[in-house]
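Trainee: Next come a sequence and a model predicted from it.
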Amino acid sequence: MINFQYLRASSPKSAIDGVRTDLSAQFIAGGTNLIDLMKRGITAPPKLVDINNLPLRDIADEGKTIRIGALALNSTVADHSLILKKLPLLAQALNAGASAQIRNMATVGGNMMQRTRCPYFYDPSLPCNKRAPGSGCGAVAGINRMHAIFGLEPVPDQHVCIAVHPSDMCVALAALDATVEVWGPGGNRTIPFTGFHRLPGSNPQKDNTLQHGELITALRLPDNALATHSHYLKIRDRASYAFALISVAAALDLKGKTIQQARLAMGGVAHKPWRLTEAEQVLIGKPATEATFREAAQVAMRGARAFEHNTYKLKLAPAAIVEALTRAAG
Ligand code: SF4
């Protein structure tokens, strides 16, 4: 039996106050990942602050941006007419993630906060620098088929973590230039989505750049001309419910056959959603052809490095980029 204190917050301020004074306290919304972690003994917060009653569920068109409340459910966002019309890439990515039951419980803020699915992280009897800093990384010389090929340290050290971020939604948000609104003890701030999640560095236990007590309140996505030509491609072991081996969020703004703008991000390849800005630059001004997409994929793969069991990703990733761009252009 794990004992913990449970509080239900009635306002963002009371939620933040409930967490900020206790370094181990956590917010809980849908709980689809946190409850799993608690059941398995991976985490044991002494206090949970339930934020489900906070007024953070609205999805609104604010002219130049679309604002999505942090407590909007994954399924609500994926089915919303505004998202389907203006951000179909996001709807596709959401529907590619998890099961329908989980999408009906999980919030967008919780989706961003979910933790890696590295199997060593979920087994307290095995070494894992993310779960127990300094204990080692079971995956480096172990079964690393699902693990990262980007954002890796040149030489693994005592802090090493080669886990990948598991979210599909976050790959689309990284591609679509989202920003994250945060309220916290130090005031309100906005974080570019690509700066929200972090590489492990010497603190692999820390997944993101939030400060303790900060509460995600909303996402903002700029209106864009990328809705017509976008595609989320997810490659996984089984279609029903599995995390990505590789995923690609691709969006193009085409004038005739010429690419005016491009957005490209990958999932299943790094500790954070992996935006491919250099590859995007290769695409701009070029015709939307397979040759162009191959050139971009080649640039995208610069710096990739594999481990014993995930060398297949070095071939699968560029092929997935070409396929996603081809489908987006079509
Ligand atoms: Fe832990 Fe990261 Fe190594 Fe997995 S890859 S065992 S999460 S340190």
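Mentor: Good, I have the coordinates.
Trainee: So which bits of the top helix by length along the chain are buried?
Mentor: The longest helix of the chain (DSSP state H) is helix 313-329. Going by neighbour count (16 or more other CB atoms under 10 Å), the buried part of helix 313-329 is 313, 316-318, 320-326, 328-329. (Glycine included, C-beta is placed from N, CA and C.)
Trainee: Mind telling me the two of the residues you listed farthest from one another?
Mentor: The largest separation in the buried residues of helix 313-329, counting by CB to CB, is between Lys313 and Ala329 at 23.8 Å.
Trainee: Can you name every helix or strand that the longest helix of the chain contacts?
Mentor: Where contact means 3 or more CB pairs under 8 Å, 6 or more residues apart in numbering; DSSP states H and E, helix 313-329 is packed against strand 229-235, strand 246-255, strand 258-267, helix 290-300.
Trainee: I'd say Gly142 and Tyr120 touch.
Mentor: Yes. Taking CB atoms under 8 Å as the definition, Gly142 is a contact partner of Tyr120 at 6.7 Å.
Trainee: more neighbours, the two?
Mentor: Tyr120 (26 against 17; other CB atoms under 10 Å).
Trainee: related to what we said a few turns ago, the ligand is nearest to which of the helices and strands packed on helix 313-329?
Mentor: Comparing the helices and strands packed on helix 313-329 by their distance to the ligand (CB to the nearest ligand atom), the top pick is strand 258-267, with 16.0 Å.
Trainee: Which residues does the helix or strand that that closest one is followed by contact?
Mentor: Downstream of strand 258-267, the first helix or strand assigned by DSSP states H and E is strand 274-275. Residues from elsewhere that reach strand 274-275, judged by CB atoms under 8 Å, 6 or more residues apart in numbering: Phe150, Gly151, Val171, Ala174, Ala175, Thr194, Leu264, Ala265, Met266, Gly267.
Trainee: Now with 10 Å, please.
Mentor: The contact list for strand 274-275, computed with CB atoms under 10 Å, 6 or more residues apart in numbering, reads 148-151, 164-165, 171, 174-175, 177, 193-194, 197, 247-249, 263-268, 300, 304, 317.
Trainee: mind listing the helices in the stretch 51-200 of the chain by residue range?
Mentor: Applying DSSP state H, counting those that start in this stretch to the stretch 51-200 of the chain gives helices spanning 74-79, 81-86, 88-96, 100-103, 108-113, 169-175.
Trainee: now these in TSV, with distance to the ligand?
Mentor: Listed next are the helices of the stretch 51-200 of the chain as TSV, based on distance: least, CB to the nearest ligand atom, whole Å:
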stretch	distance to the ligand
helix 74-79	24
helix 81-86	32
helix 88-96	23
helix 100-103	21
helix 108-113	16
helix 169-175	17
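Trainee: Take those and write them to a markdown table, including mean pLDDT and mean neighbour count.
Mentor: Output for these, formatted as a markdown table (pLDDT from 0 to 100; neighbours: other CB atoms under 10 Å):
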| stretch | mean pLDDT | mean neighbour count |
| --- | --- | --- |
| helix 74-79 | 98 | 20 |
| helix 81-86 | 98 | 14 |
| helix 88-96 | 98 | 23 |
| helix 100-103 | 96 | 15 |
| helix 108-113 | 98 | 25 |
| helix 169-175 | 98 | 29 |
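Trainee: Could you export the ones you listed to JSON lines, including columns for distance to Pro124?
Mentor: Shown next, in JSON lines, are those (distance: least, CB to CB, whole Å):
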{"stretch": "helix 74-79", "distance to Pro124": "28"}
{"stretch": "helix 81-86", "distance to Pro124": "39"}
{"stretch": "helix 88-96", "distance to Pro124": "30"}
{"stretch": "helix 100-103", "distance to Pro124": "23"}
{"stretch": "helix 108-113", "distance to Pro124": "21"}
{"stretch": "helix 169-175", "distance to Pro124": "26"}
